[in-house]
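[1] Build the 3D model from these lines:
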Amino acid sequence: METKLAPQFINTADGIEAKRILGKCVHCGFCTATCPTYQLLGDELDGPRGRIYLIKQIAEGQLPTEKTRGHLDRCLTCRNCESTCPSGVEYGKLVDIGRKWAEEKTAPRPSSERITRWLLKEGLTSPTLFNTAMAVGRVVRPHMPAALQRKIPQGLPAGQRPQRHHARKMLILEGCVQPGMLPNINHATVRVLDALGIELISSSKAGCCGALRYHLNDQDGGLTDAKRNIDAWWPSIENGKDSVEAIVMNASGCGVMVKDYGHLLHDDPLYASKAKRVSELCKDLSEIMPQFQEKLIQKIGQDKKAGVVYHPPCTLQHGQQIRGKVEGLLESLGIGVNVCADSHLCCGSAGTYSVLQPKLSEQLRIQKIQNLETACASSGAKTVVSGNVGCISHLHQDHLPVRHWVEIIDQLLAKT
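    Okay, here's the model as predicted:
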């Protein structure tokens, strides 16, 4: 797709990047077949190809409208289109640029939207505010409407967190909402790796990965979060013989962001090389665990165990292009793994999407739950597992619990 950049974009990093990405698009439309919002709305402009055209128009100097901004807002950033695209269009990077341009060149949002977005950025990224709100919410949860109750999952008791030291060390990002919402995920991760001889180090100075702010068009704020994390982790990365082997992510939404630090900060003279190194060290937990498969088999065995239905997060299968690792690991331990009919499609959580686009999010949630329940009924599984806190909290139901897959391994190890 040929793009003639408007003068104001010709020598800018965003303009050059947008033109490069737009140049790969061949208008084929394969992406529309796997776009959740296009499937629901049937509008070309609510699919990747249509949004690409809108961004191209902005790049060439056409002023965006609030309608343009709305079409870009409705994108889940699930990046399913990237998995489908035969031309390698990096749509996720392009839509971030398009949203930034649309935000800058349209009228300010209504005050209610601005307040909601500010509360999401400040409330979800502040452990003190979020954890307090979650604690209060759990007390009054029984008196809340069902829709609000779902926002406050009960989860499993966190249990003990080991404090043993090991020669092998890795960093872990605790996350912004995960410790308050579902603390057992981090505790289980630490316990499992501790049993395998890995010490997980958590830096108190690290916080939100930056994705939340970045995808809400506060891109400068997102990069500030990224730089803070790099500074927090760097002493453990450059620590001689005690340097960490990896930075472990057990929330794939955080992992896809941290793996992008190198790209996002490649022009920053102070952080470019450090960001590149951090991105190289960043590994989803599903990338770490296979090296311990034989050791886990020795501890847990390969006898047949209760099966699960696996929901692969979009940020893992499309954002990080990681597939098959969770399924392979669990099956090697005797845990039968099934997936539902639309396992490639987004569940509707998508970070803050469930708050900002509640109707579309709920449609996708209901659709996904129906397919998960069908998969459970046909396989006999009683539990759904996933690898991202957003998906887990969005899909969890009292009659069909959703857990992080590492919690299943943790429970099995506890029995040995």
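
[2] how much space between the residue minimising distance to the centre of the chain and Thr189?
    By C-alpha atoms, centre = their mean, the chain has its centre lying nearest to Gly253, at 1.5 Å. Between Gly253 and Thr189 the computed distance is 15 Å (C-beta to C-beta, to the nearest Å). The C-beta positions use only the backbone N, C-alpha and C, and glycine is treated the same way.

[3] residue contacts, Ser204?
    Each residue near Ser204 by C-beta atoms under 8 Å, 6 or more residues apart in numbering is listed here: Ala232.

[4] Show the model's pLDDT score for it.
    We note a pLDDT of 89 for Ser204 in this prediction.

[5] Then Cys176?
    88.

[6] for His399, same thing?
    87.

[7] go on, Arg138?
    Value for Arg138, per-residue pLDDT: 82.

[8] So it: helix, strand or coil?
    Put simply, Arg138 is helix when judged by DSSP: H, G, I helix; E, B strand; the rest coil.

[9] That one: neighbour count?
    Counted with other C-beta atoms under 10 Å, residues neighbouring Arg138 total 13.

[10] Please determine how far it is located from Thr37.
    Distance from Arg138 to Thr37, by C-beta to C-beta: 33 Å.

[11] buried sites along the lowest-mean-pLDDT helix or strand in the chain?
    The helix or strand of the chain with the poorest confidence is helix 146-149; it has a mean of 74 (mean pLDDT, DSSP states H and E). Across helix 146-149, burial judged by 16 or more other C-beta atoms under 10 Å covers Gln149.

[12] Name the residues that touch that helix?
    By C-beta under 8 Å, 6+ apart, helix 146-149 touches 141-142.

[13] How far does that helix sit from its chain's centre?
    22 Å (C-alpha atoms, centre = their mean, to the nearest Å).

[14] contacting residues for the closest residue to Leu76 other than its chain neighbours?
    Excluding the flanking residues, the one nearest Leu76 by C-beta to C-beta, 6 or more residues apart in numbering is Ala350, at 4.3 Å. Counting by C-beta under 8 Å, 6+ apart, Ala350 makes contact with 76-78, 314, 361, 390.

[15] Kindly report the same for Ser349.
    361, 365, 388, 390-391, 393-395.

[16] Quick check: phi and psi at it.
    phi -70, psi -70 (degrees, to the nearest 10).

[17] how close does it get to Arg365?
    8 Å.

[18] what residues do the two have in common as contacts?
    394-395.

[19] quick one: buried residues of the helix or strand hosting Glu407?
    In this structure, Glu407 sits in helix 405-414 according to DSSP states H and E. Along helix 405-414, these residues count as buried under the neighbour rule (16+ other C-beta under 10 Å): 405-410, 412-413.

[20] next one: stretch 393-403
    393-396, 400-403.

[21] so can I have TSV of those residues showing secondary structure and distance to Gly301?
    Formatted as TSV, those follow (DSSP: H, G, I helix; E, B strand; the rest coil; distance: C-beta to C-beta, whole Å):
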residue	secondary structure	distance to Gly301
Ser393	helix	31
His394	helix	33
Leu395	helix	29
His396	coil	29
Leu400	strand	27
Pro401	coil	24
Val402	strand	25
Arg403	strand	20
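
[22] of the residues you listed, closest to Cys176?
    Ser393 (13.2 Å; C-beta to C-beta).

[23] what sits against the residue lying closest to the closest one once chain neighbours are set aside?
    Nearest-residue entry for Ser393: Pro153, 4.8 Å, with adjacent residues in sequence omitted and distances by C-beta to C-beta, 6+ apart. For Pro153, the contacting residues are 181-182, 392-393, 396, by C-beta under 8 Å, 6+ apart.

[24] Tell me the spacing between Pro153 and Thr352.
    Distance from Pro153 to Thr352, by C-beta to C-beta: 17 Å.

[25] ok, now Pro290?
    For Pro290, the distance to Thr352 - C-beta to C-beta - is 32 Å.

[26] cool, Leu171 as well?
    Counting by C-beta to C-beta, the gap from Leu171 to Thr352 is 26 Å.

[27] okay, these two: which has more neighbours?
    When neighbours are counted by other C-beta under 10 Å, Leu171 and Thr352 differ, and Leu171 comes out ahead with 23 against 19.

[28] Quick check, that one in contact with Trp234.
    No: with contact defined as C-beta atoms under 8 Å, Leu171 does not count as touching Trp234 (10.4 Å).

[29] Name all residues that make contact with Thr77.
    So Thr77 contacts 92, 95, 215, 350-351 (C-beta under 8 Å, 6+ apart).

[30] what's the helix or strand for it?
    Counting by DSSP H and E, Thr77 is part of no helix or strand.

[31] Roughly how far does it sit from Leu216?
    Distance, Thr77 to Leu216, by C-beta to C-beta: 11 Å.

[32] if we can go back for a sec, tabulate the buried residues of helix 405-414 in JSON lines, adding columns for pLDDT.
    Supplementary listing: the buried residues of helix 405-414 in JSON lines, determined by pLDDT from 0 to 100:
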{"residue": "Trp405", "pLDDT": "98"}
{"residue": "Val406", "pLDDT": "98"}
{"residue": "Glu407", "pLDDT": "97"}
{"residue": "Ile408", "pLDDT": "97"}
{"residue": "Ile409", "pLDDT": "97"}
{"residue": "Asp410", "pLDDT": "97"}
{"residue": "Leu412", "pLDDT": "96"}
{"residue": "Leu413", "pLDDT": "96"}
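
[33] re earlier: from Gln320, how far off is the residue nearest to the centre of the chain?
    Look at Gly253 and Gln320: by C-beta to C-beta, they are 10 Å apart.
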